[in-house]
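Colleague: pasting the structure only:
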Ligand SMILES: [Zn+2]
Ligand SMILES: [Zn+2]
């Protein structure tokens, strides 16, 4: 089969690899669509989060090709949405329902390390189908299903937050996750959402999805903090969702959150960020990390199939496998306005 291997930084090679062999209890899935995630781009650019040597791709839908002994809930021909990882369900954290921080989960994740090839390939081996395979419901297109994984992270972020319906939230970054958080907060009837975004195209999408105010942090410059306080009756934002992962975003979060408020860090940071712990403690600010998802995957599939979450505005482009590098990774690096690129895993040349 064909597979796209990250052979070096900024170098992906299409290789012929043996089709994965499945064992009892496992499933082989023929990949239909796979989204390019921000963490794939981090891996491609500098090997952070995902190392060189990996077949990346973890936001996928496909068709069941083979099932191993003992697998009964899916059969060949079923169209499925694949959750890319499975928690162990027996460790300290899993017993408390905190599946996202199960220390054994990372090893099971497809597309983020060399031992577990991802979906920028014709086929992918699913080792824990009971936890990882969800039938594509009627009414949901396969390419939309590829958005389930990033949306589940957005939903996880909102569920981990101290959000209450009357709150004012600020979201930094109108990319896939930031816009996902926006949509979830709108469903939960939040009273006001302020979005910060530098790209005009993404800002338009944020407005279309119901952001009350969209500000460009660059053109606002030094006056940004004052603007946020003006917009929040001098209090500051109840919650800040940092979905940008750039050092300026964290400082902005600290500046604009209210005293006693909460910052959710969802964006992936490549660098260390200096900040004042004095600010944090004397204003009693809570900073909370958000990673992956717990049991939100199924909930998101449900929301998607009922049409409660918009997907059209999220999909910037659908490309073929042969264009993975030029129209995929390189396009994402070159543009600040793209949101999600979905790869249809056909046409390798
Ligand atoms: Zn991802
Ligand atoms: Zn566990």
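Modeller: Perfect, thanks for sending it. Computed from a predicted model, the values in this text were never measured in an experiment. Numbering: from 1, shown residues only. Ligands and ions are numbered 1, 2, ... in the order given.

Colleague: Looks like residue 145 contacts residue 309 (just checking).
Modeller: No - at 11.8 Å, residue 145 and residue 309 do not qualify as touching, with contact defined as Cβ atoms under 8 Å. Every C-beta, even on glycine, is put in place using the N, C-alpha and C of the backbone.

Colleague: More neighbours: which of those two?
Modeller: Taking neighbours as other Cβ atoms under 10 Å, residue 145 and residue 309 compare with residue 145 leading, 28 against 23.

Colleague: got a list of what that one touches?
Modeller: With contact set as Cβ atoms under 8 Å, 6 or more residues apart in numbering, residue 145 has these partners: 33, 61, 81, 136, 301, 304.

Colleague: Kindly provide the distance from the last one to ligand 2.
Modeller: Residue 304 sits 27 Å away from ligand 2, going by Cβ to the ion, to the nearest Å.

Colleague: what's the neighbour count on that residue?
Modeller: Under the neighbour criterion other Cβ under 10 Å, residue 304 is assigned a count of 23.

Colleague: List the beta-bridge partners for the nearest residue to residue 67 once chain neighbours are set aside.
Modeller: Taking Cβ to Cβ, 6 or more residues apart in numbering as the measure, residue 67 lies nearest to residue 27, with 5.2 Å between them; neighbours along the chain are not counted. According to DSSP bridges, the residues that bridge with residue 27 are residue 67, residue 126.

Colleague: Determine which two of the contacts of residue 145 are furthest apart.
Modeller: Pairwise distances among the contacts of residue 145 were taken by Cβ to Cβ; the largest, 14.5 Å, belongs to 33 and 301.

Colleague: per-residue confidence at residue 270?
Modeller: pLDDT for residue 270: 83.

Colleague: next one: residue 211
Modeller: The pLDDT attached to residue 211 in the predicted structure is 98.

Colleague: Could you shift the numbering so residue one becomes 21, and keep it that way?
Modeller: In the new count, where the first residue is 21, that last one comes out as residue 231.

Colleague: Report the contact partners of it.
Modeller: Listed by Cβ under 8 Å, 6+ apart, the contact partners of residue 231 are 191, 194, 202, 213-215.

Colleague: same thing with residue 285?
Modeller: Residues in contact with residue 285, defined by Cβ under 8 Å, 6+ apart, are 262, 270, 273, 307-310.

Colleague: Between those, identify the one with the most neighbours.
Modeller: Within the contacts of residue 285, residue 262 tops the neighbour count with 28 neighbours, counted by other Cβ under 10 Å.

Colleague: wait, does stretch 144-151 make contact with ligand 2?
Modeller: No - no part of stretch 144-151 sits near ligand 2 under the criterion Cβ under 5 Å from the ion; the closest distance found is 11.4 Å.
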